[in-house]
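Asks: model the following, please.
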Amino acid sequence: MRKRAAALCGAAVVVAGTFTAVPAGASTPPTAQTAQAAKPAWKKCGTTDYPTLQCASLKVPLDHAKPNGEQITLALSRVPHTAKKYQGPLLVNPGGPGGSGLTLAGFVASTLPKAVAAQYDVIGFDPRGVGASKPALDCKPGHFNPVRPNSVPSTPAIEKANLSRAKSFAAACGKKYASVLPYINTVSAVRDMDSIRKALGAKKINYFGYSYGTYLGAVYGKLYPERVRRLVLDSIVDPTGVWYDDNLAQDYAFNDRHRALMAWIAKYDATYKLGTDPEKIEAKWYAMRAALAKKPADGKVGASELEDTFIPGGYYNGYWPYLAEAFAAYVNDKNADPLVEAYENFAAVDASGDNGYSIYTSVQCRDASWPRDWNQWRKDNWAVYEKAPFMTWNNAWYNAPCAFWPTDSLQPKNVANGKLPPALLFQATDDAATPYQGGATVHQLLAHSSLVVEEGGGNHGISLSGNACLDKYLAAYLTDGTVPRGHGEADAVCEALPDPEPLSSKAASTSSRGSTLHGLLGFRG
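Replies: Just a heads-up that it's a prediction; the model follows:
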């Protein structure tokens, strides 16, 4: 739900292009069949950070069962290979669903070792409905405008207000995009990825996905195992719980990460002056929440917005110093300005966020069945809330449109797979957004996979974020397919990076690789 950088480029006109010769096993010249496919016409769209980035677009069927029917447009980005050795396209995805992948291509290409990145065309894409792809969905602009009802439905009136928001969002999506919604789902996005492969003239793709992007990659591997050359999954969705059960599991993990933040604040009492007892600090946080529920800060930050502001801290501990400063200023100095600033930086939803949430709901609500009886949601979420109050009801309302979604649901894919080449998996033990069990489960389901665990790590999205141990395994795999082979659940273990220090220590958390990556990762999945 954080603000996102604007899409790098709009759709370019698709015209015929040419293919370069490539090695066997990576890409092949067009056959009679693929020669008919439209090919991306790449144009420069570089930025200061990623000057070699190129952009293009690709037409794909709205309904892949009707390849000659209505067409939609996917926005693509590319950092082309520069080495003589070419290993084909490396498609990258930041998760979500709803995250834009255009800038991620530049980040991945510039953050991998130069000799490794030079061997790939790093390909970013905005999945159907996202960002610069057309049409880009925006079901109900301003759905997250402050101040929203208190997330905890402690009275019938509060519950009714939240239910009304969820129902109205679902109805708006159905009214605005009735002909499109049946085709906004993971399997359709996977078919789009294969259309990208064809347009690039590649026999196989390499794939690197974070978060929801791990489910996208696993489903691609299930549908097209013979077309996967290398597969990297980082911060892994549990495919056996999509999506209702996975969201409930998140609530426990986010509560643990919120308590980790409280413990971190206690460690730096000299800086924040909130005490040395994490439980008492947590009580102060909930007292702040109660006060904001009665009187929102600056007419913007009520109880729900406070949760929105602190949820990013569960994804990435680089935000902790900023959140702690805002918390301390409010409690100790009665100064809400830093809290409002933190909300605007980490949580306020702009047009990009409205688009991301529209796709998030459209995909998750269509992908799998959700309880249609609100009594089931009420029962389950109150039970979780008793043990994990931090995010439970906020998360419930975030997903609640699925109880009223205007399309029927599909069956989730069983991603169990013995046909793939060795895949490389990354998972932190204390990841909140995709709890550890997801990595362990997918490691079992993908027969030849290797699991690299970040022991004690609580961040979401861990490779290319500054941990040299993790990145060593990633570089080796992308260089020649090498994977670690160990004994037991994990094939390799890396120690987590230390938590940040307070800003007063001049810790450069905002300029770190991790901060850049977490600014690019998708929405809540």
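Asks: please name the nearest non-neighbouring residue to residue 174.
Replies: Closest residue to residue 174 apart from its sequence neighbours, by C-beta to C-beta, 6 or more residues apart in numbering: residue 406 at 3.1 Å. In this view, the C-beta of every residue, glycine as well, is placed from N, C-alpha and C.
Asks: so what's the residue count around the one you found?
Replies: 17 (other C-beta atoms under 10 Å).
Asks: check contacts around it.
Replies: If a contact means C-beta atoms under 8 Å, 6 or more residues apart in numbering, then residue 406 has 170-171, 173-174, 178, 181 as its contacts.
Asks: what is the nearest of those residues to residue 397?
Replies: Residue 397 has its nearest neighbour among those in residue 170, at 12.2 Å by C-beta to C-beta.
Asks: isn't the closest one right next to residue 401, touching?
Replies: Yes: Residue 170 is within contact range of residue 401, at 4.1 Å (criterion: C-beta atoms under 8 Å).
Asks: so who does the residue nearest to residue 426 when sequence neighbours are not counted touch?
Replies: Nearest non-adjacent residue to residue 426, counting by C-beta to C-beta, 6+ apart: residue 234, 4.2 Å away. Residue 234 sits next to 208-211, 214, 425-427, 461-463 when contact means C-beta under 8 Å, 6+ apart.
Asks: most neighbours among those, please name it.
Replies: Result: residue 210 is most packed of the contacts of residue 234 (other C-beta under 10 Å), 35 neighbours.
Asks: mind checking pLDDT for that one?
Replies: pLDDT, residue 210: 98.
Asks: name whatever forms a beta bridge with residue 122.
Replies: residue 79, residue 90 (DSSP bridges).
Asks: pLDDT at residue 36, what is it?
Replies: Note on residue 36: pLDDT of 45.
Asks: do you have the strands of the stretch 301-450 of the chain handy? List them.
Replies: For the stretch 301-450 of the chain, the strands defined by DSSP state E, counting those that start in this stretch occupy 424-428, 450-455.
Asks: which stretch among the ones you listed comes nearest residue 315?
Replies: That would be strand 424-428 among these, by C-beta to C-beta, at 10.9 Å.
Asks: now do that closest one, average pLDDT.
Replies: Strand 424-428 shows a mean pLDDT of 98.
Asks: residue contacts, the spatially closest residue to residue 495 that is not a sequence neighbour?
Replies: Spatial nearest neighbour of residue 495, chain neighbours left out: residue 455 (5.8 Å); criterion: C-beta to C-beta, 6+ apart. Neighbouring residues of residue 455 by C-beta under 8 Å, 6+ apart: 429, 493-496.
Asks: show me those that map onto strands.
Replies: 493-495 (DSSP state E).
Asks: low-confidence ranges in the protein?
Replies: 1-37, 505-511, 523, 525 (pLDDT under 70).
Asks: can you rerun that using 80?
Replies: Filtered on pLDDT under 80, the chain yields the residue ranges 1-38, 504-512, 522-525.
Asks: please report phi then psi for the spatially closest residue to residue 296 that is not a sequence neighbour.
Replies: Of all residues not flanking residue 296 in the chain, residue 302 sits nearest, at 3.9 Å (C-beta to C-beta, 6+ apart). Main-chain torsions, residue 302, degrees, to the nearest 10: phi -90, psi -160.
Asks: one step back: how about the strands of the stretch 301-450 of the chain in CSV, adding distance to residue 436?
Replies: Formatted as CSV, the strands of the stretch 301-450 of the chain follow (distance: least, C-beta to C-beta, whole Å):
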stretch, distance to residue 436
strand 424-428, 6
strand 450-455, 8
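Asks: thought residue 355 was touching residue 130?
Replies: Yes: under the criterion of C-beta under 8 Å, residue 355 makes contact with residue 130 at 6.7 Å.
Asks: which of those two has more neighbours?
Replies: Set side by side, residue 355 and residue 130 show more neighbours around residue 130, with 30 against 26, by other C-beta under 10 Å.
Asks: the stretch 101-250 of the chain: strands as residue ranges?
Replies: 121-126, 205-210, 228-234.
Asks: could you export those strands as TSV, including distance to residue 278?
Replies: Output for those, formatted as TSV (distance: least, C-beta to C-beta, whole Å):
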stretch	distance to residue 278
strand 121-126	40
strand 205-210	30
strand 228-234	29
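Asks: these: which one's closest to residue 489?
Replies: By C-beta to C-beta (comparing all of those), the closest turns out to be strand 228-234, at 15.8 Å.
Asks: what's the angle between the closest one and strand 205-210?
Replies: Angle, strand 228-234 to strand 205-210, by axes from the mean of the first three to the mean of the last three C-alpha atoms, to 10 degrees: 10 degrees.
Asks: give me the sheet partners of strand 228-234 and which way each runs.
Replies: Assessed with DSSP bridges, strand 228-234 is paired to strand 205-210 (parallel), strand 424-428 (parallel).
Asks: let's see it as CSV, backbone CA atoms only.
Replies: What follows is strand 228-234, C-alpha atoms only, in CSV (Å, rounded to 0.1, in the frame of the first residue of the first chain):
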residue,chain,number,x,y,z
VAL,A,228,11.7,-23.2,-17.9
ARG,A,229,15.4,-22.9,-18.0
ARG,A,230,16.1,-21.4,-14.6
LEU,A,231,13.7,-20.5,-11.8
VAL,A,232,14.4,-18.3,-8.8
LEU,A,233,11.7,-17.8,-6.1
ASP,A,234,12.3,-15.4,-3.2
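Asks: in this structure residue 227 contacts residue 196, no?
Replies: No: applying C-beta under 8 Å as the test, residue 227 and residue 196 come out as separate, 11.3 Å apart.
Asks: bridged to the residue nearest to residue 426, which residues?
Replies: Note on residue 234: beta-bridge partners residue 210, residue 426, judged by DSSP bridges.
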